[in-house]
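**Q** dropping a prediction and its sequence here:
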Amino acid sequence: MAALLVGFGSAAQLRSQLVAPYNRVERNQALVRSVQDLERTNGAERARIATLRAQIASQETDAARRSDQTHELEQEIANLRAHAGITPLRGPGVTVEIRNGKPAGDGQIGYLTTYQDVQDVVNLLFTGGAEGVAVNHRRITPLSAYRGSAGTVEIDDGPPLTAPFRISAVGNRGQMEQLLGDASNLGDLRHRQREFGIQFSFGGSPELSLPAFDGSLEVPNAQPVA
Amino acid sequence: MPNLLPNLFKQRPADEVRRSQRGLTLLIVGALSAAIAFVGVVQIRSQAEVVRSLEGQDNTSLAFLIDDLHRANDALAGQGSELTARRDRLRSSGGTAADPALQEEGQRLRMVEGLVPVHGPGLIVAIDAPLSRLDLEDAVNDLRAAGAEQMAINDHRVITGTVFRQNGNAVTIDGDATHGPWTIAVIGNLDRLTVVADMMMQSLRSDRRVRQATYRVEPDLVIRATVPERPFVYGTS
């Protein structure tokens, strides 16, 4: 009888201990599912934008064949589009790769790549003369911003990105390589490379291709000064 | 046995062709299967990696992520609708709508790239502190992530790609040296900008280096500074 009571008691105790974590997991999984659904919508919307931009460009090219004025305008806008990052870009450049380190088991998260790491590398590449940059195939634009929690990086309207991060830049290859190789740059990343085993490497290439930006570049609150 | 050889030789070309055709087919099927399996595994692995990384996030981070994705998807849907309307106008006009649409896009892209003066609702953030290049880069990113559409620091127009360098106590912005006190002019959605400005003030006021940090709302802020045009030297579209 006593053994039975102890058995029931232990089972009840175990159950009460398990229920709370199980609920937490359920809630977490529900949120993960929401994120995944939203990511699917995000991907579909970006693909739609890319298709629409291609269709518009094709119709504009047709119109430019019929009118010199349209042709001139189209050339001017093509240059602006290229600088805004909404058309692909190719040329010599460098690719930087950042991989997470290994967790030390003491709860520290310094081994995870952060959005600041990505931001610092992109800024350094612009300092080195980058004319266009892409992070894991997400093109950086003049309005780009980075955010996220440790281990995930969100850029503009895109879905969260996870390591490894490949940051490609077209531009002055020699100058970018020199800055990336200079140990006085990217101090935080280099520190965590030593402390937490974050992997940071880079390599030059005579020809790189960057994709076009497939998000929104609307500025609804700003107006040009007349 | 010797008699068999000619037959074997006779049969060989046809057999060889069949065998080599079969071999080729098997090779192609094998290669395709391997490629599909590889792509599938890579896809499953990368998907699993993302799911693992999401499951590693706490519920609060996931809730923020959901909020970000909702906002992003709304912005993408808006851009999609705008582009659809533009495409349809082009189609129905037989191309005559191209010029006004291109002019309107040109005007917007010149603003996005910081090539023209702009105005709109915004904030003026004033910080009296010896801020470093990194502080400024972080401030620009935080404001940008909160919906800043246009920005200038101490009358220097700033876009993503603007180069900040530390030069002793001064910071150069695209080559021009400047130093504190810092005035950051920002145009964008006031509801979102004021939230991040309040958070910035809290953080700045707890920083010992900061002598003063304030911000004020401007219903129609003008940013006259512009970014010089930089033609591509290395890149081609």
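**A** Right, received. Where do you want to start? Numbers count the residues shown, from 1 in each chain, chains lettered A, B, ... in the order given.

**Q** tell me where the chain has strands.
**A** In the absence of a named chain, this looks at chain A. Counting by DSSP state E, chain A has strands at residues A:89-99, A:130-135, A:138-139, A:146-147, A:152-155, A:161-162, A:165-171, A:199-210, A:223-224.

**Q** that answer is for a different chain, and I need it for chain B
**A** Taking DSSP E, the strands of chain B run over residues B:118-128, B:148-153, B:156-157, B:164-167, B:170-173, B:176-178, B:182-188, B:212-223.

**Q** what's the average pLDDT for the second one?
**A** Right, the one you point to is strand B:148-153. The predicted model gives strand B:148-153 an average pLDDT of 98.

**Q** and it with strand B:212-223, angle?
**A** Counting by axes from the mean of the first three to the mean of the last three Cα atoms, to 10 degrees, strand B:148-153 lies at 110 degrees to strand B:212-223.

**Q** now do strand B:148-153 against strand B:182-188, angle only.
**A** Angle between the axes of strand B:148-153 and strand B:182-188 is 160 degrees (criterion: the same axes, to 10 degrees).

**Q** got the contact list for strand B:148-153?
**A** Contacts with strand B:148-153, where a contact means Cβ atoms under 8 Å, 6 or more residues apart in numbering or on different chains, come from A:143, A:219-222, B:111, B:114, B:118, B:120, B:122, B:136, B:140, B:143-144, B:157-159, B:173, B:178, B:182-189, B:193, B:223, B:225. Heads up, the C-betas are built off the backbone N, CA and C, glycines and all.

**Q** now do the fourth one
**A** Outside of strand B:164-167, the residues that reach it under the criterion Cβ under 8 Å, 6+ apart are A:Asn123, A:Thr127, B:Ser132, B:Arg133, B:Leu136, B:Glu137, B:Val171, B:Thr172, B:Ile173, B:Ala177.

**Q** for these, pick the one with the most neighbours.
**A** B:Val171 (26 neighbours; other Cβ atoms under 10 Å in any protein chain shown).

**Q** distance of that residue relative to B:Leu131?
**A** 7 Å (Cβ to Cβ, to the nearest Å).

**Q** overlap in contacts of those two?
**A** Counting by Cβ under 8 Å, 6+ apart, nothing touches both B:Val171 and B:Leu131.

**Q** from the middle of its chain, how far away would stretch A:201-219 be?
**A** Relative to the chain's own centre, stretch A:201-219 is displaced by 11 Å; criterion: Cα atoms, centre = their mean, to the nearest Å.

**Q** what average pLDDT does it get?
**A** 96.

**Q** count of neighbours near A:Leu180?
**A** By other Cβ under 10 Å, neighbour count at A:Leu180 equals 21.

**Q** wait, doesn't it sit right on A:Ser201?
**A** No. Between A:Leu180 and A:Ser201 there is no contact under Cβ atoms under 8 Å: 9.4 Å.

**Q** any stretches of chain B with poor pLDDT?
**A** B:1-53, B:55-56 (pLDDT under 70).

**Q** domain-wise, how is it divided?
**A** B:59-109, B:113-223 (automatic domain parsing).

**Q** next one: chain A
**A** Looking at automatic domain parsing, the domains of chain A come to A:1-84, A:88-210.

**Q** check those for me: which has the lowest mean pLDDT.
**A** Minimum mean pLDDT among the domains of chain A: domain A:1-84, a mean of 83.
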